[in-house]
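K.L.:
Can you look at this prediction? I've put the sequence above it.
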Amino acid sequence: MEQDLEAASQPGCANCGHMIIEHGHPTPLCTECRTKFIKFPIPWPIRIFAGLVLVILIFAMANLPRNLSTAIHYERGKEAIEHSKYATARKELSSVIKNFPQFNDAKEYMVIASFRNQDIPTFFSLLQELEGKQVEDLSLYSEIKQMANHAPEYFPSDSLMAIAEKYHSLDSIPVAVYREYIPTHIAEVFPSWQYASMLFDQKNFSACDSVLTEVLEQDHDYTPALMIKSTLKRELNQLDSSHYYCDRLLSLNNESFYGTASKARTFLKQKKDKEGMDWALRNFELRKNDPYSIATLALAYHFNNRVPDRDKIMATANKDSVQMTYMSYVNDVISGKEKFR
């Protein structure tokens with residue numbers, strides 16, 4: 001009697017009610033039903049959905065290395081901006097913008113890097129691309145706006161261009177014309193810098209120095225004026241002053257190409273040849289193909305008695321017509337025709 005009650009209390013197959021079930025499973029099923037459910041066909045909508053999820057997952061995984069790499073370059077670019085390493089920032093952010101041309105945050109930082117690297121055409125091009133776009137970082141927006149306000153100083157005004165057309169180029173305008181033009185256009189910085197540059201080429205260093213001082217009174221950070229000042233002071237043998245203007249350039253851009261090159265040459269003129277070598281190498285790493293950089297390194301090799309290195313780099317440079325122009329000065333220093341120190 002007890003055995004009959006125990007058998008009656010045991011449930012049958014949950015699907016068909018068959019009394020013989022497969023034991024050892026949470027759900028009581030007979031062998032036939034369990035096999036049927038295992039082979040139960042997956043509905044097509046579920047299959048399609050699963051397929052779409054798989055495609056999306058594969059696409060995401062395929063693009064993960066690229067997205068991750070871009071994110072790393074972007075963070076490196078931002079960090080370089082924070083440390084005033086604008087050559088590095090340009091390199092990192094260029095990679096980001098190449099992969100994601102619509103990434104405006106990267107372009108905003110690239111605007112700053114372009115201005116500090118004196119790549120003014122890129123600076124204006126990026127400003128045009130960002131026109132009408134909102135810059136959420138207020139400090140970044142303020143810095144970009146300040147640079148945009150100073151940018152016209154790097155180009156001739158329409159009135160100066162009208163004079164240049166008469167003489168066919170800015171460099172062809174006589175010095176006397178610049179002397180007459182500047183007092184009546186005191187708000188313009190570019191004409192004074194152009195005038196100072198012409199005075200420097202004429203080796204009228206004293207007059208050039210005075211004009212550049214006036215330029216820097218108008219714009220304390222006017223990079224082209226600081227560049228000429230660093231070289232001018234070296235020509236005047238005012239070497240501490242030359243370093244001062246090199247350091248001014250480097251305070252604006254820790255990777256200033258001209259600042260590092262000029263500082264290397266000033267150290268060499270002071271006969272501090274090891275320091276000159278160090279700065280020349282630092283400069284060379286920034287722009288390995290630039291003729292001024294190569295000429296600076298050749299000078300450093302010369303004064304550090306690394307003659308084979310000097311001759312090798314000069315032999316390579318002399319195969320290029322542009323580099324030969326800069327190397328002619330190095331040749332004159334080596335031959336004694338030009339007194340460097």
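P.N.:
Received, thanks. Just so we're clear, the structure is a prediction, and the values are computed from it rather than from any experiment. Numbers count the residues shown, from 1 in each chain.

K.L.:
CA atoms for contacts and neighbours, from now on please.
P.N.:
Fine.

K.L.:
Do you have the helices of the stretch 101-250 of the chain handy? List them.
P.N.:
Along the stretch 101-250 of the chain, the stretches classed as helices by DSSP state H, counting those that start in this stretch are 104-116, 120-130, 138-150, 158-167, 175-181, 190-201, 205-218, 223-235, 239-252.

K.L.:
now those helices in a markdown table, with mean neighbour count and mean pLDDT?
P.N.:
Rendered in a markdown table, the data for those read as follows (neighbours: other Cα atoms under 10 Å; pLDDT from 0 to 100):
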| stretch | mean neighbour count | mean pLDDT |
| --- | --- | --- |
| helix 104-116 | 22 | 94 |
| helix 120-130 | 16 | 92 |
| helix 138-150 | 13 | 91 |
| helix 158-167 | 14 | 94 |
| helix 175-181 | 13 | 94 |
| helix 190-201 | 21 | 96 |
| helix 205-218 | 17 | 96 |
| helix 223-235 | 23 | 96 |
| helix 239-252 | 20 | 97 |
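
K.L.:
Can you lay out the ones you listed as a markdown table showing distance to Ser328?
P.N.:
What follows is the helices of the stretch 101-250 of the chain, written out as a markdown table (distance: least, Cα to Cα, whole Å):
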| stretch | distance to Ser328 |
| --- | --- |
| helix 104-116 | 30 |
| helix 120-130 | 29 |
| helix 138-150 | 36 |
| helix 158-167 | 30 |
| helix 175-181 | 27 |
| helix 190-201 | 16 |
| helix 205-218 | 22 |
| helix 223-235 | 18 |
| helix 239-252 | 23 |
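
K.L.:
Which of those sits closest to Glu338?
P.N.:
Each of the helices of the stretch 101-250 of the chain was checked against Glu338 via Cα to Cα, and the shortest separation belongs to helix 223-235, namely 12.1 Å.

K.L.:
can you give me the angle the closest one makes with helix 104-116?
P.N.:
30 degrees (axes from the mean of the first three to the mean of the last three Cα atoms, to 10 degrees).

K.L.:
So which elements touch helix 223-235?
P.N.:
Applying 3 or more Cα pairs under 8 Å, 6 or more residues apart in numbering; DSSP states H and E, one finds that helix 223-235 makes contact with helix 190-201, helix 205-218, helix 239-252, helix 257-269.

K.L.:
Can you get me the centre-to-centre distance for that helix and its chain?
P.N.:
For helix 223-235, the distance between its averaged C-alpha position and the chain's averaged C-alpha position is 24 Å (Cα atoms, centre = their mean, to the nearest Å).

K.L.:
got the contact list for it?
P.N.:
The contact list for helix 223-235 (Cα atoms under 8 Å, 6 or more residues apart in numbering) reads 118, 193, 197, 200, 205, 209, 212, 215-216, 239, 241-246, 248-249, 258-259, 262, 266, 269.

K.L.:
hang on, the earlier thing: so which of the helices and strands packed on helix 223-235 is nearest Tyr178?
P.N.:
With Cα to Cα as the measure, helix 190-201 is the member of the helices and strands packed on helix 223-235 nearest Tyr178 (6.3 Å).

K.L.:
so how far is the closest one from its chain's centroid?
P.N.:
Once both centres are worked out by Cα atoms, centre = their mean, helix 190-201 turns out to sit 28 Å from its chain's centre.

K.L.:
Packing partners of it?
P.N.:
helix 175-181, helix 205-218, helix 223-235.

K.L.:
With distance to Cys30 as new columns, can the helices and strands packed on helix 223-235 be given to me in CSV?
P.N.:
Converted to CSV, these look like this (distance: least, Cα to Cα, whole Å):
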stretch, distance to Cys30
helix 190-201, 94
helix 205-218, 95
helix 239-252, 83
helix 257-269, 83
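
K.L.:
Mind checking these for the one nearest to Glu153?
P.N.:
Evaluated over the helices and strands packed on helix 223-235, closeness to Glu153 peaks at helix 190-201, with 5.4 Å, by Cα to Cα.

K.L.:
Just the CA trace of the closest one, in CSV.
P.N.:
These are the backbone C-alpha positions of helix 190-201, laid out as CSV (Å, rounded to 0.1, in the frame of the first residue of the first chain):
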residue,chain,number,x,y,z
PHE,A,190,54.3,93.1,-39.5
PRO,A,191,55.9,96.1,-41.4
SER,A,192,58.2,96.8,-38.5
TRP,A,193,59.4,93.2,-38.4
GLN,A,194,59.9,93.1,-42.1
TYR,A,195,61.9,96.3,-41.9
ALA,A,196,64.0,94.9,-39.1
SER,A,197,64.6,91.7,-41.1
MET,A,198,65.9,93.8,-44.0
LEU,A,199,68.2,95.8,-41.7
PHE,A,200,69.6,92.5,-40.3
ASP,A,201,70.3,91.2,-43.9
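
K.L.:
Now do it against helix 158-167: the angle between them, please.
P.N.:
50 degrees.

K.L.:
just for the stretch 1-150 of the chain, where's the confidence low?
P.N.:
Scanning the stretch 1-150 of the chain with the threshold set as pLDDT under 70 gives 1-11, 29, 34, 36-67.
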